[in-house]
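*Asks:* task: produce atomic coordinates for the following.
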Amino acid sequence: MKCPTGIAAAIVAVGLVAWGGDGALAKSHGDPGDALEEQAIAPGLTMPQMDPVRGRDLFASKGCVVCHAINGVGGEDAPALDADTMPVPMNPFEFAAKMWRGAEAMVYLQREELGEPIVLDGAELADIIAFVHDAEAQRRFSDADIPSGIRNLMHHMEEDDEHHEDDDDREEAHD
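*Replies:* This is a model prediction of the structure:
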């Protein structure tokens with residue numbers, strides 16, 4: 001099975017940051033509406049900027065927060081992604097590899113919880129990886145960062161979980 005080009009590019013790009021990048025190649029995004037700026041690092045290869053602030057916004061708006069928590073904010077169906085639990089120095093290839101190993105389960109859960117899989121391009125994945133590994137950006141993450149549609153979905157899921165627990169309790173009482 002072929003790896004989608006966007007994912008492959010993101011893995012190569014974030015891996016190059018871990019291998020030789022010190023942030024010196026990163027350029028400013030400028031206006032958030034502008035296309036992502038990239039820096040050529042070798043013939044045929046570019047490096048996307050890894051922006052933890054944009055990653056924080058994407059973590060919430062794309063729905064990662066439905067299953068993953070940061071600073072206790074978010075779901076409990078998948079591992080928490082607090083920066084203080086991440087290896088230092090971080091290797092973005094390892095992070096992407098863990099996502100890849102869990103992709104089948106993640107896509108299944110995303111369809112169950114969100115109705116469809118989360119779609120990320122390479123720049124978005126790079127930004128989310130930057131956020132997951134940036135303690136300062138994570139300190140600023142709160143419930144207020146979660147868009148109302150995602151927050152409502154999370155609240156609805158909590159209610160469903162409570163109803164299932166009540167049903168389980170009733171079944172145990174009858175046994």
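
*Asks:* my guess is Arg139 meets Asn71, correct?
*Replies:* Yes. Judged on C-beta atoms under 8 Å, Arg139 makes contact with Asn71 at a distance of 7.3 Å. C-beta: built from backbone N, CA, C; applies to glycine.

*Asks:* tell me which of these two has more neighbours.
*Replies:* Using other C-beta atoms under 10 Å, the more surrounded residue of Arg139 and Asn71 is Asn71, with 16 against 11.

*Asks:* so that one is in contact with Ala137, correct?
*Replies:* No. Contact criterion C-beta under 8 Å: Asn71 and Ala137 do not qualify, at 10.8 Å.

*Asks:* give me the pLDDT value at Ala13.
*Replies:* Listed pLDDT for Ala13 reads 41.

*Asks:* same check on Gly44?
*Replies:* As predicted, Gly44 sits at a pLDDT of 88.

*Asks:* same question for Arg54.
*Replies:* For Arg54, the model assigns a pLDDT of 98.

*Asks:* also Met154?
*Replies:* On the pLDDT scale, Met154 gets 88.

*Asks:* for this protein, which spans come out with low pLDDT?
*Replies:* Under the criterion pLDDT under 70, the flagged ranges of the chain are 1-37, 158-175.

*Asks:* show me where it has strands.
*Replies:* With DSSP state E as the criterion, the chain has strands at 38-42, 45-48, 69-70, 73-74.

*Asks:* which strands border the second one, and is each parallel or antiparallel?
*Replies:* Think strand 45-48. Counting by DSSP bridges, the strands paired with strand 45-48 are strand 38-42 (antiparallel).

*Asks:* please apply the same query to the last one.
*Replies:* Sheet partners assigned to strand 73-74 using DSSP bridges are listed as strand 69-70 (antiparallel).

*Asks:* what's next to the partner strand, contact-wise?
*Replies:* Residues outside strand 69-70 that contact it (C-beta atoms under 8 Å, 6 or more residues apart in numbering): Phe59, Gly75, Glu76, Ala80, Leu81, Asp82, Ala83, Val132, Gln138, Phe141.

*Asks:* much appreciated, bye for now.
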